[in-house]
Structure formats: C-alpha cells, structure tokens
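# any chance you could fold what I've pasted below:
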Amino acid sequence: QVHVVESGGGLVQPGGSLRLSCTVGGVSESIFKFYTTGWYRQAPDKERELVAAITSTNRINYGDSAKGRFTVSRDSANRVVYLQMNSLKPDDAAVYSCNAKHQWTAEDYWGQGTQVTVSS
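Predicted coordinates:
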C-alpha cells in the first residue's frame, strides 16, 4: 500500500528557511518513476493551492507563491521529495501536504500534512 509521510515543518521567523521532506513508501524505485509528486498548502479559510510539483524526469511546476523562493527536488532512489523554502513570509504559514499521483492510473495519495508557522 502506498503511503506518504511529510516531515520538516515547524516555527520559523520571517525571512527564515525550512526544508520539508516527503517520503513515499510502499513503492519500488521502478514504480515510483511513474508518480508525479507535489507539495500543496492550505491556510485557514483558504483553498488548497499547489506549491510545487515534480516528475521523475524533473519536470517542475511552481505555484505563483513559490516562484523565486522555493525549490522542489526529488531523490527517486529513496522515494523522497524535498521542498526548500527560503525567505519565508507570514503568508506562507499553512499546512503543507505532499501528494503522489500515478501518471497513468491517476491513483492519488496524500500525506497527513505538516504545519509551517512563520512568525516573529
């Protein structure tokens, strides 16, 4: 069974950095390459939005909020996806969730999410 686990959230001051990790378990490396992985976030009273998505061929799509400040990367051998977040702002505070979606079958898996708080 595929499962997704995020880690790395926490409290950071404005202007600070955090690195989130997303581990996709229950799949081999050869199967993982068929999954597009993405980070999404949802703040209270707001819609969930795409932060960044990356495929096994390193095709990347950033949401507007992430461009220029966040970097997504993927370690396919270990089935881990990272989100490096720099120059964090209070508006970046949200629950960040990782998604793994099979490119062919559209099987879709979400983690529990990790809270990011940006405050002085």
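# for the lowest-mean-pLDDT helix or strand in the chain, buried residues please.
Ranking every helix and strand in the chain by mean pLDDT, DSSP states H and E puts helix 29-32 at the bottom, with a mean of 92. For helix 29-32, a neighbour-count test (16 or more other C-beta atoms under 10 Å) marks Phe32 as buried. Placement of C-beta: from N, CA and C, glycine included.
# need the next SSE after that helix, C-terminal direction.
strand 35-42 (DSSP states H and E).
# ok, Ser73 touching Val81?
Yes. Using C-beta atoms under 8 Å, Ser73 is in contact with Val81, at 7.3 Å.
# what sits in contact with each of these two?
Jointly contacting Ser73 and Val81 under the rule C-beta atoms under 8 Å, 6 or more residues apart in numbering are Ile54.
# just want to know which of the two has more residues nearby.
Val81 (28 against 14; other C-beta atoms under 10 Å).
# how far away is the more buried one from Gln1?
19 Å (C-beta to C-beta, to the nearest Å).
# please name the nearest non-neighbouring residue to Ser73.
Tyr82 (4.9 Å; C-beta to C-beta, 6 or more residues apart in numbering).
# so what strands line up beside the helix or strand where that neighbour lies?
Element membership of Tyr82 [criterion: DSSP H and E] is strand 80-85. The pairing partners recorded for strand 80-85 under DSSP bridges are strand 18-25 (antiparallel), strand 70-75 (antiparallel).
# put the alpha carbons of whichever helix or strand comes after it into CSV.
Per DSSP H and E, strand 80-85 leads on to strand 94-102 as the next helix or strand towards the C-terminus. The C-alpha coordinates for strand 94-102 follow below in CSV (Å, rounded to 0.1, in the frame of the first residue of the first chain):
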residue,chain,number,x,y,z
ALA,A,94,-0.1,26.8,6.3
VAL,A,95,-0.4,23.0,6.4
TYR,A,96,1.8,21.7,3.7
SER,A,97,0.8,18.3,2.3
CYS,A,98,2.5,16.0,-0.1
ASN,A,99,0.8,14.3,-3.0
ALA,A,100,1.8,11.3,-5.1
LYS,A,101,-0.2,10.7,-8.2
HIS,A,102,0.4,7.9,-10.7
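# perfect, that will be all.
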